[in-house]
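Mind looking at a prediction? Sequence and model below.
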Amino acid sequence: MNAARRLIRALRDPASVAGLDSGQWTALIAAARAESLIGSLAHRLEGQSIPERIGRILEDARGDHAYARTQALWEAEMARRALAPLGVPVILLKGTAYVAAGLAAGEGRSIGDLDIIVPRESLDAVQDALLAAGWEWVKEDAYDDLYYRRWMHELPPLIHKERDRMIDVHHTILPLTARPRPDAAAMIADSIALENGLRTLCPEDMIIHAAAHLFADGDLAGGLRNLWDIDRLLREFAGEDGFWGRLQARAERHQLRRPVARALRLARRLYGTPIDERWAAPSRLPDRLFEARLLARNGWGQGTRKGLRFAFYVRSHWLRMPPSMLARHLWIKARRNSVSPASAPAFQLGAD
(Lines give C-alpha, C1' and ligand atoms only; values in the text may rest on other atoms or scores of the structure.)
Protein backbone atom coordinates (compact mmCIF):
# COMPACT_ATOMS: atom_id res chain seq x y z
CA MET A 1 0.00 0.00 0.00
CA ASN A 2 1.22 3.51 -0.84
CA ALA A 3 2.62 5.18 2.31
CA ALA A 4 0.30 8.17 1.99
CA ARG A 5 -2.71 5.88 1.61
CA ARG A 6 -1.64 3.95 4.69
CA LEU A 7 -1.49 7.23 6.61
CA ILE A 8 -4.97 8.18 5.42
CA ARG A 9 -6.30 4.76 6.40
CA ALA A 10 -4.78 5.03 9.89
CA LEU A 11 -6.34 8.46 10.40
CA ARG A 12 -9.73 7.25 9.19
CA ASP A 13 -9.66 3.95 11.06
CA PRO A 14 -7.10 3.75 13.89
CA ALA A 15 -7.79 0.03 14.32
CA SER A 16 -6.36 -0.57 10.84
CA VAL A 17 -2.80 -0.37 12.23
CA ALA A 18 -3.20 -3.73 13.94
CA GLY A 19 -0.77 -6.24 12.48
CA LEU A 20 1.52 -3.77 10.69
CA ASP A 21 5.07 -5.05 10.38
CA SER A 22 8.22 -3.03 11.08
CA GLY A 23 8.58 -1.77 7.52
CA GLN A 24 4.95 -0.70 7.32
CA TRP A 25 5.24 1.20 10.60
CA THR A 26 8.37 2.93 9.30
CA ALA A 27 6.54 4.02 6.15
CA LEU A 28 3.53 5.20 8.15
CA ILE A 29 5.56 7.29 10.57
CA ALA A 30 7.73 8.71 7.77
CA ALA A 31 4.67 9.76 5.77
CA ALA A 32 3.02 11.29 8.84
CA ARG A 33 6.10 13.36 9.57
CA ALA A 34 6.49 14.45 5.95
CA GLU A 35 2.85 15.54 5.79
CA SER A 36 2.98 17.33 9.20
CA LEU A 37 0.37 14.87 10.47
CA ILE A 38 2.43 13.04 13.10
CA GLY A 39 0.64 14.84 15.95
CA SER A 40 -2.77 14.09 14.47
CA LEU A 41 -1.79 10.45 13.97
CA ALA A 42 -0.52 10.22 17.55
CA HIS A 43 -3.83 11.59 18.80
CA ARG A 44 -5.86 9.19 16.68
CA LEU A 45 -3.84 6.12 17.71
CA GLU A 46 -3.94 6.84 21.43
CA GLY A 47 -5.25 3.73 23.18
CA GLN A 48 -4.47 1.38 20.29
CA SER A 49 -2.27 -1.67 20.78
CA ILE A 50 0.99 -0.75 19.03
CA PRO A 51 4.68 -1.76 19.27
CA GLU A 52 6.58 -0.23 22.18
CA ARG A 53 9.03 1.69 20.01
CA ILE A 54 6.18 3.18 17.98
CA GLY A 55 4.42 4.07 21.20
CA ARG A 56 7.44 6.09 22.31
CA ILE A 57 7.53 7.95 18.99
CA LEU A 58 3.85 8.81 19.23
CA GLU A 59 4.12 9.81 22.88
CA ASP A 60 6.91 12.21 21.93
CA ALA A 61 4.69 13.59 19.17
CA ARG A 62 1.88 14.19 21.67
CA GLY A 63 4.33 15.98 23.95
CA ASP A 64 5.61 18.10 21.09
CA HIS A 65 2.05 19.06 20.17
CA ALA A 66 1.22 20.04 23.75
CA TYR A 67 4.28 22.29 23.83
CA ALA A 68 3.51 23.79 20.41
CA ARG A 69 -0.09 24.39 21.46
CA THR A 70 0.99 26.29 24.57
CA GLN A 71 3.55 28.26 22.59
CA ALA A 72 1.01 29.15 19.89
CA LEU A 73 -1.60 30.31 22.37
CA TRP A 74 0.97 32.41 24.22
CA GLU A 75 2.10 34.02 20.97
CA ALA A 76 -1.53 34.81 20.14
CA GLU A 77 -1.90 36.40 23.56
CA MET A 78 1.22 38.51 23.00
CA ALA A 79 -0.21 39.72 19.70
CA ARG A 80 -3.54 40.46 21.40
CA ARG A 81 -1.83 42.60 24.02
CA ALA A 82 0.16 44.48 21.41
CA LEU A 83 -2.89 45.20 19.26
CA ALA A 84 -5.57 45.69 21.93
CA PRO A 85 -5.08 49.49 22.17
CA LEU A 86 -5.97 49.79 18.47
CA GLY A 87 -9.48 48.43 18.97
CA VAL A 88 -9.38 46.53 15.67
CA PRO A 89 -10.68 42.97 15.22
CA VAL A 90 -7.86 40.41 15.24
CA ILE A 91 -8.88 37.06 13.73
CA LEU A 92 -6.76 33.96 14.28
CA LEU A 93 -6.25 31.64 11.32
CA LYS A 94 -5.32 27.99 10.76
CA GLY A 95 -3.88 25.86 13.56
CA THR A 96 -3.81 28.53 16.23
CA ALA A 97 -7.47 29.29 15.56
CA TYR A 98 -8.41 25.62 15.89
CA VAL A 99 -6.70 25.14 19.24
CA ALA A 100 -7.83 28.52 20.60
CA ALA A 101 -11.45 27.63 19.81
CA GLY A 102 -11.10 24.10 21.21
CA LEU A 103 -12.04 22.47 17.91
CA ALA A 104 -11.46 18.84 16.96
CA ALA A 105 -9.34 20.10 14.06
CA GLY A 106 -6.82 21.31 16.62
CA GLU A 107 -6.25 17.88 18.22
CA GLY A 108 -2.63 17.02 17.43
CA ARG A 109 -2.56 19.62 14.67
CA SER A 110 0.89 20.98 13.76
CA ILE A 111 1.19 24.72 14.34
CA GLY A 112 3.82 26.94 12.77
CA ASP A 113 3.71 30.70 12.44
CA LEU A 114 0.98 32.81 13.99
CA ASP A 115 -1.43 33.82 11.21
CA ILE A 116 -3.94 36.60 11.77
CA ILE A 117 -6.25 38.66 9.59
CA VAL A 118 -7.09 42.30 10.24
CA PRO A 119 -8.92 44.98 8.24
CA ARG A 120 -6.80 46.25 5.37
CA GLU A 121 -7.29 49.85 6.42
CA SER A 122 -5.69 49.00 9.77
CA LEU A 123 -2.47 47.49 8.37
CA ASP A 124 -0.27 50.53 9.05
CA ALA A 125 -1.43 50.81 12.65
CA VAL A 126 -1.09 47.06 13.18
CA GLN A 127 2.45 46.90 11.83
CA ASP A 128 3.50 49.91 13.91
CA ALA A 129 2.07 48.34 17.07
CA LEU A 130 3.83 45.03 16.40
CA LEU A 131 7.15 46.74 15.66
CA ALA A 132 6.84 48.72 18.89
CA ALA A 133 6.17 45.47 20.79
CA GLY A 134 9.36 43.75 19.63
CA TRP A 135 8.56 42.23 16.25
CA GLU A 136 10.85 43.10 13.34
CA TRP A 137 10.94 42.43 9.61
CA VAL A 138 12.37 39.02 8.75
CA LYS A 139 14.43 40.66 6.01
CA GLU A 140 14.15 44.23 4.88
CA ASP A 141 14.18 44.46 1.10
CA ALA A 142 12.65 47.28 -0.91
CA TYR A 143 11.43 45.18 -3.82
CA ASP A 144 9.89 42.45 -1.67
CA ASP A 145 8.30 45.05 0.60
CA LEU A 146 6.70 46.78 -2.39
CA TYR A 147 5.60 43.46 -3.86
CA TYR A 148 3.88 42.36 -0.66
CA ARG A 149 2.13 45.67 -0.10
CA ARG A 150 0.93 46.13 -3.67
CA TRP A 151 -0.02 42.60 -4.69
CA MET A 152 -0.10 40.17 -1.79
CA HIS A 153 -2.71 39.29 0.83
CA GLU A 154 -0.40 39.96 3.77
CA LEU A 155 2.38 42.12 5.10
CA PRO A 156 5.97 40.93 4.73
CA PRO A 157 6.59 38.41 7.54
CA LEU A 158 7.63 39.64 10.98
CA ILE A 159 9.58 37.80 13.67
CA HIS A 160 9.84 38.61 17.36
CA LYS A 161 13.41 39.49 18.24
CA GLU A 162 13.30 37.76 21.65
CA ARG A 163 10.89 34.84 21.20
CA ASP A 164 11.99 34.07 17.61
CA ARG A 165 8.38 33.48 16.57
CA MET A 166 6.97 34.65 13.24
CA ILE A 167 3.67 36.35 12.59
CA ASP A 168 1.93 36.69 9.23
CA VAL A 169 -0.51 39.60 9.14
CA HIS A 170 -3.17 39.05 6.47
CA HIS A 171 -5.83 41.43 5.22
CA THR A 172 -7.51 38.82 3.00
CA ILE A 173 -6.99 35.12 2.20
CA LEU A 174 -5.72 35.20 -1.39
CA PRO A 175 -3.22 37.44 -3.21
CA LEU A 176 -4.72 40.53 -4.78
CA THR A 177 -3.46 39.23 -8.14
CA ALA A 178 -5.51 36.03 -7.88
CA ARG A 179 -8.66 35.67 -9.96
CA PRO A 180 -11.10 35.02 -7.09
CA ARG A 181 -11.73 38.01 -4.84
CA PRO A 182 -12.90 36.79 -1.42
CA ASP A 183 -14.98 39.24 0.60
CA ALA A 184 -12.52 39.85 3.43
CA ALA A 185 -14.77 42.45 5.02
CA ALA A 186 -17.54 39.84 5.33
CA MET A 187 -15.11 37.33 6.82
CA ILE A 188 -14.08 39.84 9.46
CA ALA A 189 -17.63 41.04 10.13
CA ASP A 190 -18.94 37.50 10.63
CA SER A 191 -15.99 36.26 12.70
CA ILE A 192 -16.62 34.77 16.13
CA ALA A 193 -15.29 36.28 19.35
CA LEU A 194 -13.32 34.17 21.83
CA GLU A 195 -13.31 34.82 25.56
CA ASN A 196 -9.96 36.61 25.44
CA GLY A 197 -11.07 39.13 22.80
CA LEU A 198 -9.39 37.46 19.83
CA ARG A 199 -11.60 36.05 17.10
CA THR A 200 -11.82 33.15 14.65
CA LEU A 201 -13.48 32.87 11.27
CA CYS A 202 -16.99 31.44 11.32
CA PRO A 203 -17.10 27.67 10.61
CA GLU A 204 -18.06 28.08 6.96
CA ASP A 205 -15.24 30.55 6.33
CA MET A 206 -12.74 28.30 8.13
CA ILE A 207 -13.52 25.56 5.63
CA ILE A 208 -13.43 27.97 2.70
CA HIS A 209 -10.07 29.34 3.82
CA ALA A 210 -8.57 25.84 4.05
CA ALA A 211 -9.89 24.99 0.58
CA ALA A 212 -8.69 28.28 -0.90
CA HIS A 213 -5.19 27.85 0.50
CA LEU A 214 -5.00 24.38 -0.99
CA PHE A 215 -6.72 24.60 -4.37
CA ALA A 216 -6.90 28.30 -5.31
CA ASP A 217 -3.46 29.39 -4.15
CA GLY A 218 -0.95 26.63 -3.43
CA ASP A 219 0.78 23.69 -5.09
CA LEU A 220 -0.90 21.12 -2.80
CA ALA A 221 2.09 20.90 -0.46
CA GLY A 222 0.67 19.90 2.90
CA GLY A 223 -2.55 18.92 1.18
CA LEU A 224 -3.32 15.84 3.26
CA ARG A 225 -3.16 17.96 6.41
CA ASN A 226 -5.43 20.62 4.91
CA LEU A 227 -7.95 17.99 3.88
CA TRP A 228 -7.78 16.48 7.36
CA ASP A 229 -8.57 19.94 8.76
CA ILE A 230 -11.59 20.10 6.47
CA ASP A 231 -12.70 16.61 7.46
CA ARG A 232 -12.52 17.46 11.17
CA LEU A 233 -14.31 20.79 10.70
CA LEU A 234 -17.10 19.25 8.64
CA ARG A 235 -17.66 16.42 11.09
CA GLU A 236 -17.97 19.00 13.86
CA PHE A 237 -20.21 21.53 12.14
CA ALA A 238 -22.10 19.86 9.28
CA GLY A 239 -24.87 18.62 11.57
CA GLU A 240 -26.00 22.15 12.40
CA ASP A 241 -29.29 23.25 10.83
CA GLY A 242 -28.76 25.04 7.54
CA PHE A 243 -25.01 24.45 7.48
CA TRP A 244 -24.74 23.27 3.86
CA GLY A 245 -26.83 26.13 2.55
CA ARG A 246 -24.70 28.63 4.47
CA LEU A 247 -21.50 27.03 3.17
CA GLN A 248 -22.73 27.27 -0.41
CA ALA A 249 -23.77 30.91 0.02
CA ARG A 250 -20.44 31.84 1.62
CA ALA A 251 -18.40 30.00 -1.04
CA GLU A 252 -20.27 31.84 -3.79
CA ARG A 253 -19.88 35.17 -1.99
CA HIS A 254 -16.12 34.63 -1.80
CA GLN A 255 -15.95 33.44 -5.46
CA LEU A 256 -14.53 30.13 -4.25
CA ARG A 257 -17.24 27.57 -4.90
CA ARG A 258 -15.10 25.48 -7.27
CA PRO A 259 -12.10 25.12 -4.92
CA VAL A 260 -14.45 24.34 -2.02
CA ALA A 261 -16.30 21.74 -4.07
CA ARG A 262 -13.04 20.07 -5.04
CA ALA A 263 -11.84 20.08 -1.43
CA LEU A 264 -15.07 18.46 -0.26
CA ARG A 265 -15.00 15.81 -2.98
CA LEU A 266 -11.40 14.89 -2.23
CA ALA A 267 -12.00 14.87 1.52
CA ARG A 268 -14.82 12.40 0.96
CA ARG A 269 -12.71 10.38 -1.48
CA LEU A 270 -9.72 10.12 0.84
CA TYR A 271 -11.06 10.46 4.39
CA GLY A 272 -14.63 9.35 3.90
CA THR A 273 -15.89 12.77 4.92
CA PRO A 274 -19.69 12.99 4.76
CA ILE A 275 -20.72 15.77 2.38
CA ASP A 276 -23.95 17.06 0.91
CA GLU A 277 -24.59 15.67 -2.57
CA ARG A 278 -24.87 19.14 -4.08
CA TRP A 279 -21.07 19.28 -3.84
CA ALA A 280 -20.44 15.91 -5.50
CA ALA A 281 -20.61 16.85 -9.21
CA PRO A 282 -17.27 16.17 -10.96
CA SER A 283 -15.20 19.00 -12.43
CA ARG A 284 -13.55 19.41 -15.83
CA LEU A 285 -10.08 18.69 -14.46
CA PRO A 286 -10.35 15.19 -13.00
CA ASP A 287 -9.99 14.89 -9.25
CA ARG A 288 -7.72 11.90 -9.78
CA LEU A 289 -4.89 14.24 -10.87
CA PHE A 290 -5.17 16.12 -7.60
CA GLU A 291 -5.39 12.86 -5.71
CA ALA A 292 -2.23 11.59 -7.43
CA ARG A 293 -0.38 14.74 -6.38
CA LEU A 294 -1.60 14.43 -2.79
CA LEU A 295 -0.46 10.81 -2.60
CA ALA A 296 2.98 11.32 -4.19
CA ARG A 297 4.99 10.03 -1.24
CA ASN A 298 7.22 6.96 -0.90
CA GLY A 299 7.89 4.73 2.09
CA TRP A 300 10.71 6.98 3.31
CA GLY A 301 8.52 10.08 3.36
CA GLN A 302 10.11 11.45 0.21
CA GLY A 303 8.14 13.14 -2.53
CA THR A 304 7.65 11.21 -5.75
CA ARG A 305 6.29 12.05 -9.23
CA LYS A 306 8.53 15.05 -9.75
CA GLY A 307 6.90 15.95 -13.05
CA LEU A 308 3.45 16.06 -11.49
CA ARG A 309 4.72 18.08 -8.54
CA PHE A 310 6.35 20.58 -10.89
CA ALA A 311 3.13 20.88 -12.90
CA PHE A 312 1.21 21.79 -9.77
CA TYR A 313 3.98 24.21 -8.77
CA VAL A 314 3.56 25.98 -12.11
CA ARG A 315 -0.21 25.89 -11.67
CA SER A 316 0.08 27.60 -8.27
CA HIS A 317 1.97 30.52 -9.84
CA TRP A 318 -0.51 30.70 -12.73
CA LEU A 319 -3.35 31.03 -10.24
CA ARG A 320 -1.58 33.74 -8.30
CA MET A 321 -0.90 36.24 -11.07
CA PRO A 322 -1.25 36.95 -14.79
CA PRO A 323 1.56 35.52 -16.98
CA SER A 324 3.04 38.92 -17.85
CA MET A 325 3.28 39.94 -14.22
CA LEU A 326 4.71 36.56 -13.24
CA ALA A 327 7.35 36.74 -15.99
CA ARG A 328 8.39 40.23 -14.90
CA HIS A 329 8.54 39.21 -11.24
CA LEU A 330 10.62 36.08 -11.89
CA TRP A 331 12.95 38.02 -14.21
CA ILE A 332 13.60 40.63 -11.51
CA LYS A 333 14.21 37.95 -8.88
CA ALA A 334 16.54 35.96 -11.14
CA ARG A 335 18.47 39.06 -12.15
CA ARG A 336 18.98 40.18 -8.56
CA ASN A 337 19.95 36.69 -7.40
CA SER A 338 22.53 36.34 -10.18
CA VAL A 339 24.07 39.69 -9.25
CA SER A 340 24.30 39.07 -5.51
CA PRO A 341 23.34 35.53 -4.39
CA ALA A 342 24.53 36.12 -0.85
CA SER A 343 22.20 39.06 -0.39
CA ALA A 344 19.20 37.55 -2.19
CA PRO A 345 15.98 37.87 -0.18
CA ALA A 346 14.46 34.84 1.48
CA PHE A 347 11.07 35.54 -0.16
CA GLN A 348 9.78 32.88 -2.52
CA LEU A 349 6.66 33.23 -4.59
CA GLY A 350 4.09 30.83 -3.26
CA ALA A 351 5.33 30.70 0.32
CA ASP A 352 2.66 31.09 2.96
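Everything's here; your move.

Give me the buried stretch members for the longest helix seen in the chain, please.
Using DSSP state H, we find that the single longest helix of the chain is helix 52-83. Buried residues in helix 52-83, defined by neighbour count with 16 or more other Cβ atoms under 10 Å: 54, 57-58, 61-62, 65, 68-69, 72-73, 75-76, 78-80, 82-83. C-beta here means a position set from N, CA and C on the backbone, and glycine is covered the same way.

I'd like to check what contacts the next helix or strand after that helix. Which residues are they?
Sequence-wise, the next helix or strand downstream of helix 52-83 (DSSP states H and E) is strand 91-92. For strand 91-92, contacts defined as Cβ atoms under 8 Å, 6 or more residues apart in numbering pick out 76, 97, 100, 114-118, 187-188, 191, 194, 198-201.

same check, this time on stretch 128-140
Counting by Cβ under 8 Å, 6+ apart, 78-79, 81-83, 85-86, 145, 156-163, 166-167, 169, 345-347 sit against stretch 128-140.

got the contact list for residue 68?
Residues in contact with residue 68 (Cβ under 8 Å, 6+ apart) are 39, 110, 111.

top of the residues you listed by neighbour count?
Neighbour tally across the contacts of residue 68 (other Cβ atoms under 10 Å): the maximum, 27 neighbours, falls on residue 39.

Pull the contacting residues for it.
By Cβ under 8 Å, 6+ apart, the neighbours of residue 39 are 61, 62, 64, 65, 68, 108, 109, 110.

Helix, strand, or coil at it?
helix (DSSP: H, G, I helix; E, B strand; the rest coil).

Distance check, it against residue 6.
Separation of residue 39 from residue 6 (Cβ to Cβ, to the nearest Å): 17 Å.

One more: residue 222?
From residue 222 over to residue 6 (counting by Cβ to Cβ), the distance is 18 Å.

Now do stretch 35-49, average pLDDT.
When pLDDT is averaged along stretch 35-49, the result is 95.

What residues of that stretch count as buried?
35, 36, 37, 38, 39, 40, 41, 42, 43, 44, 45.

I'd like the average pLDDT over stretch 238-249.
Here stretch 238-249 scores 95 as its mean pLDDT.
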